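Colleague: give the three-dimensional model of this entry:
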Amino acid sequence: MSVVNKQADFSDVWALGCVLYELATLKHAFEAGNMKNLVMKIVRGNYPPVSTRYSRNLRGLISKLFERAPSARPSINAILRMPFIFERVKKFLPTEILEEEFSHTVIHRNMVLMKNPEGNNPGRSAFGPPPGQ
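Modeller: Here you go, the predicted structure:
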């Protein structure tokens with residue numbers, strides 16, 4: 001995975017934290033009177049806590065999504081594997097679609113693992129051995 005893609009993933013996860021926070025609180029996580037103060041709040045990771053009326057799981061997830069160190073944030077795959085998320089998703093999808101959709105996380109992970117250090121391996125596929133074998 002390239003550094004650019006990894007940074008985009010970290011940003012997407014942080015943005016998901018913003019959306020979940022706003023859904024739970026109906027407020028922005030980071031608010032300030034000017035751009036300088038807004039940037040400082042974001043960099044410091046200072047935001048008002050989510051109400052305890054929400055589950056510990058949700059509050060914990062939001063907290064993890066707002067981790068200051070991008071590498072400390074969970075991946076999208078890790079979020080989807082969290083039992084409290086997976087159990088809810090399972091309620092809304094038929095088994096066939098659930099299996100198909102969640103198999104993507106395995107396929108994508110395998111594709112990354114199969115690539116060589118240069119990031120390319122044209123004869124290899126996540127769906128089986130290289131052509132001709």
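
Colleague: burial of residue 84, as a residue count?
Modeller: When neighbours are counted by other C-beta atoms under 10 Å, residue 84 registers 12. Bear in mind the C-beta positions are built from the backbone N, C-alpha and C, glycine included.

Colleague: now it. Nearest residue, chain neighbours left out?
Modeller: residue 57 (4.2 Å; C-beta to C-beta, 6 or more residues apart in numbering).

Colleague: swap in residue 52?
Modeller: residue 59 (7.6 Å).

Colleague: just the buried residues of the host helix or strand of that neighbour, please?
Modeller: According to DSSP states H and E, residue 59 maps onto helix 56-65. Residues of helix 56-65 classed as buried: 58, 59, 61, 62, 64, 65 (neighbour count, 16 or more other C-beta atoms under 10 Å).

Colleague: can you tell me the centre-most residue of this protein?
Modeller: residue 76 (3.0 Å; C-alpha atoms, centre = their mean).

Colleague: so it makes contact with residue 9?
Modeller: Yes - if you go by C-beta atoms under 8 Å, residue 76 and residue 9 touch, sitting 7.1 Å apart.

Colleague: what comes up buried for the helix ranked longest in the chain?
Modeller: The longest helix of the chain (DSSP state H) is helix 3-25. By neighbour count on 16+ other C-beta under 10 Å, the buried set for helix 3-25 is 9, 10, 13, 14, 16, 17, 18, 20, 21, 24, 25.

Colleague: farthest-separated two in those residues?
Modeller: Farthest apart among the buried residues of helix 3-25 by C-beta to C-beta are 9 and 25. That separation is 24.7 Å.
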